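Asker: Predicted model follows, preceded by the sequence.
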Amino acid sequence: MKTMFAKIHWLLLFVITLSFISETHAAEKVVITTSPQTARIYVNGVQMGTGKVEIKISKNDCLTVEVKQEGYIQESRTYCVRKGMADPPSTDYIQLQEDESYTSSIESNIANTEIQINVNAEKSREEAWKQLIGTVLDKFDVLENSDEKAGYLRTSWVGMSFKANTIRIRLIVKQSSEKPLVYKVKFVSEASGRSSTAYNADEQFRPYNRILKKYDGFLDELITRLKN
């Protein structure tokens, strides 16, 4: 009887060992390399390294890999070890594409920040308003709201759409004081993170700390005209 129990014990141990070996061998390894080499590699949302990492995928499991780098379009790939699905490659090379919305814009500390402009004391309110309107219309074709009496204007949204992003910009001007004459100007810059987003789709846009290059220097020009 003891001999029989011993045989059963060793048989069960053998089966468990085989099962463990099978599960271990079922894990697949994928070596991922990126370009640029400084790109960050995330596995299921956790950063695992930059440029090159090795991942292990267990049997009946999937891993999602995201590659990110500022100035480039994010890439995402999913690797699975499951019955009926193609085996993942042993190596994978991910080359990120340049984000044109990044190269067409510049980082700016005036984006979404209210800037105060003290108007030259020798200018009349009417003269200052005329200069303000003229300068704004050089860059923005349409004024959505303009009230000289209240000293308020807001332009319509303008912007550009790219392969992986849409940027929209507008200008808001408010008179904060009459004597002395002071205006507060806000350059509103927002991005959707998607291509061809309608400018009026407010819920899809978020503040963006960059402005399109074509508007670089605009605020300096406005300040100079009003102060001189």
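Answerer: Good, I have the coordinates.

Asker: Show me where this protein dips below the pLDDT cut-off.
Answerer: 1-26 (pLDDT under 70).

Asker: switch to 50 and redo it
Answerer: 5-6, 10, 13-25 (pLDDT under 50).

Asker: Look up how far residue 166 lies from the residue nearest the centre of the chain.
Answerer: Central residue of the chain (Cα atoms, centre = their mean): residue 193, 5.6 Å from the mean position. Note on residue 193: its distance to residue 166, by Cβ to Cβ, to the nearest Å, is 8 Å. Quick note: C-beta positions are derived from backbone N, CA and C, even for glycine.

Asker: one step back: give me the phi and psi angles of the residue lying closest to the residue nearest to the centre of the chain once chain neighbours are set aside.
Answerer: The shortest distance from residue 193 to any non-neighbouring residue, by Cβ to Cβ, 6 or more residues apart in numbering, is to residue 165 (5.8 Å). The phi/psi pair for residue 165 (degrees, to the nearest 10) reads phi -160, psi 160.

Asker: residues contacting the residue nearest to the centre of the chain?
Answerer: 164-165, 206 (Cβ atoms under 8 Å, 6 or more residues apart in numbering).

Asker: Pipe those into JSON lines and attach distance to residue 53 and neighbour count per row.
Answerer: Converted to JSON lines, those look like this (distance: Cβ to Cβ, whole Å; neighbours: other Cβ atoms under 10 Å):
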{"residue": "164", "distance to residue 53": "23", "neighbour count": "17"}
{"residue": "165", "distance to residue 53": "27", "neighbour count": "21"}
{"residue": "206", "distance to residue 53": "29", "neighbour count": "9"}
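
Asker: could I get the residues you listed as TSV with distance to residue 91?
Answerer: What follows is the contacts of residue 193, written out as TSV (distance: Cβ to Cβ, whole Å):
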residue	distance to residue 91
164	26
165	30
206	36
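
Asker: Now do the buried residues in the lengthiest strand in the chain.
Answerer: Counting residues, the longest strand found in the chain (DSSP state E) is strand 166-177. For strand 166-177, burial by neighbour count (16 or more other Cβ atoms under 10 Å) applies to 166-173, 175.
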